[in-house]
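[1] The sequence and its predicted three-dimensional model are supplied below.
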Amino acid sequence: MGLPVKESAFLSKMTFGRYDYAAFTTFFSYAAGSVVLPVALVPLSKDLGFSLEEGGMAAGGALHLGRTLPMVATILLCGFAAGRWGKRRTMGTSVAVMGLGVLICAWAPVYGVLFLALMIAGMGEGMIEGLATPFVQSLHPQEPGRYINFTHSFWSIGVMVTVLATGGLISLGVPWRALVTAAAVLAFIAAAMMLLPVRKGQPYPEHGEPIRGKVVWGQAKEIIHTRHFWLFFAAMFVAGGGEFCLTFWCASYIQLSILDAAWAGGVGTACFAGGMFLGRTGWGYLIKQHQLKQLILLSALAAAAITFLIPFLTSLWMLFCVLFLAGIATAPFWPSVQSYCADRLPTVDTTMLFILLSCAGIPGCGFFTWLMGYIGNQTGDLRVAFYLVPACFLTLAALIGCDWLSTRPRAEDTAEGVSTDYADDTDSE
């Protein structure tokens, strides 16, 4: 990769093909499998014997931490798998593995089986997390930031639809196991869209020959030895933590602290997801690649201010409004930090860069989700734990601000008329 090409003043029309739709469905099914259990956590915990009201919040938070460990392991391996078998086949197989794990969750008789099933789901989800962004980047190398934001919005759509349907149907008496089974079936459909042979349209743009493991490892070492990479690694850790704390704990917080009704928890999470959908699709259409740093920094400051209000709210409908605004502010973090990092480190392999960044985001999700549950147990109130969310977003703003201040235009680049946004990106140890 060379230095970024100067952009046109006008945004081009976005176009989608078969594998874009496969990516949309993958994100939707991934979201459905991730949030159906948190929304159903209150009845699920009672069914499996770790009631949240009786000190089981740490066990609830540990579910996602247990999911996180195999996710990180498979993220580290997905670069080698994609190099050997290609991103499309690796992605399709991973979605199928995720679906299998979710299906076992649906019929788990005890907490231990549920925990192990989530580890299986996490193995597939780790590959998806590592490869989903480079999968889209390969489809649209000219304007990746727009397409990555737009595709990631289907995570938000999946969250919104799943939480509304799950909360409403549980309130009507539908068993949580049936709803989790439906999420697993959706994952199998997404896997088929990835793996079925191409009959019409363009094939997926895979690399011509398998990439040897030695080459993949060399790409990883180059990134790890780049000092500036670790700033973005930390940014992904806190961005993932803040976002997923809201996604995971929102429904339980509403049911435990404001209104004990599954529909209320579902609507609250849907408001957050709806804001994220609006934010990601909107920025996907409107943002230019060179504006990503401003977008991340300003959104992080806004998200911190908005989420700081959550522990003070006692009105359910006011909380719904605040969660919607929090979703808009949080929306660009995950896809934009990754795409912006690729611009700031233009000489490294993009696929491996996205994989390693996911190795920060996913542990951030698991660690802060568990920490919120632990604090909730220790204090007896999730309100105190919610201060972790604005703390994560303020840390993100500080990191991106430090990156922005470190940017120094180079005289020779200015003279040549080349964009200087990324002049100091290749400092290596």
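    Perfect, I can see it now.
[2] switch to C-alpha atoms for all contacts and neighbour counts from now on
    Noted.
[3] May I ask you to confirm that residue 171 is in contact with residue 261?
    Yes: using C-alpha atoms under 8 Å, residue 171 is in contact with residue 261, at 7.2 Å.
[4] So if I had to pick from the two, which one is more boxed in?
    Neighbours per residue, other C-alpha atoms under 10 Å: of residue 171 and residue 261, the larger number sits with residue 261, 18 against 15.
[5] show me what contacts the nearest residue to residue 315 once chain neighbours are set aside?
    Closest residue to residue 315 apart from its sequence neighbours, by C-alpha to C-alpha, 6 or more residues apart in numbering: residue 258 at 7.8 Å. Listed by C-alpha atoms under 8 Å, 6 or more residues apart in numbering, the contact partners of residue 258 are 314, 315, 316.
[6] got it, and residue 302?
    Contacts of residue 302 were listed using C-alpha under 8 Å, 6+ apart, and they are residue 329.
[7] I'd assumed it was in a helix, is it?
    Yes: assignment of residue 302 by DSSP: H, G, I helix; E, B strand; the rest coil places it within a helix.
[8] So for it, what pLDDT did the model give?
    Note for residue 302: predicted pLDDT of 95.
[9] so where does the residue most central in space within the chain fall, helix or strand?
    Residue closest to the average C-alpha location in the chain (C-alpha atoms, centre = their mean): residue 334, at 5.8 Å. Taking DSSP states H and E as the criterion, residue 334 maps to helix 333-344.
[10] Could I get the buried residue list for that helix?
    333, 334, 335, 336, 337, 338, 339, 340, 341, 342, 343, 344 (16 or more other C-alpha atoms under 10 Å).
[11] just stretch 377-395 next, same as before
    By neighbour count with 16+ other C-alpha under 10 Å, stretch 377-395 contains the buried residues 377, 380-383, 385-395.
[12] circling back to that earlier point, and the residue nearest to residue 315, what are its phi and psi?
    phi -120, psi -60 (degrees, to the nearest 10).
[13] cool, and residue 170?
    Dihedral angles of residue 170 (phi, psi; degrees, to the nearest 10) stand at phi -60, psi -40.
[14] which regions of this structure sit below the pLDDT cut-off?
    1-12, 50-62, 64, 145, 199-202, 205-212, 407-429 (pLDDT under 70).
[15] Neighbours of residue 13, how many?
    Other residues within reach of residue 13, judged by other C-alpha under 10 Å, total 6.
[16] Tell me how far it lies from residue 353.
    According to C-alpha to C-alpha, to the nearest Å, residue 13 and residue 353 sit 27 Å apart.
[17] Equivalent analysis for residue 255, please.
    39 Å.
[18] Identify the residue nearest residue 74 in space, chain neighbours excluded?
    Closest to residue 74 by C-alpha to C-alpha, 6+ apart is residue 126, at 5.2 Å.
[19] from memory residue 190 sits against residue 30, does it?
    No: contact criterion C-alpha under 8 Å: residue 190 and residue 30 do not qualify, at 9.3 Å.
[20] between those two, what contacts are shared?
    residue 95.
[21] Which of these two has more residues huddled nearby?
    residue 30 (28 against 25).
[22] Which helix or strand contains the more buried one?
    helix 18-39.
[23] I'd like the distance from that helix to the chain centre, please.
    11 Å (C-alpha atoms, centre = their mean, to the nearest Å).
[24] when you give positions from now on, start the count at 41
    Okay, using 41 as the starting number, the last item reads as helix 58-79.
[25] any idea which helix or strand comes after that helix?
    Per DSSP H and E, the first helix or strand lying C-terminal to helix 58-79 is helix 81-88.
[26] which helices and strands does that next one pack with?
    Of the remaining helices and strands, none touches helix 81-88 by 3 or more C-alpha pairs under 8 Å, 6 or more residues apart in numbering; DSSP states H and E.
[27] if we can go back for a sec, quick one: the helix holding residue 70 to helix 81-88, angle?
    Per axes from the mean of the first three to the mean of the last three C-alpha atoms, to 10 degrees, the angle that helix 58-79 makes with helix 81-88 is 60 degrees.
[28] What is the distance between the one helix or strand the residue nearest to residue 114 maps to and the centre of its chain?
    Element membership for residue 166, per DSSP H and E: helix 151-179. Distance of helix 151-179 from the chain centroid (C-alpha atoms, centre = their mean) equals 11 Å.
[29] surely residue 168 meets residue 131?
    Yes: applying C-alpha under 8 Å, one finds residue 168 in contact with residue 131, separated by 6.0 Å.
[30] Tell me how far residue 397 lies from residue 361.
    For residue 397, the distance to residue 361 equals 31 Å [C-alpha to C-alpha].
[31] More neighbours: these two, which one.
    Neighbour totals were compared for residue 397 and residue 361, and residue 397 leads with 25 against 15 (other C-alpha under 10 Å).
[32] Return the angle between stretch directions for the helix or strand where residue 190 lies and helix 373-384.
    Element membership for residue 190, per DSSP H and E: helix 184-211. If you take the same axes, to 10 degrees, helix 184-211 sits at 170 degrees to helix 373-384.
[33] related to what we said a few turns ago, next, find the distance separating the residue nearest to residue 355 from residue 291.
    For residue 298, the distance to residue 291 - C-alpha to C-alpha - is 10 Å.
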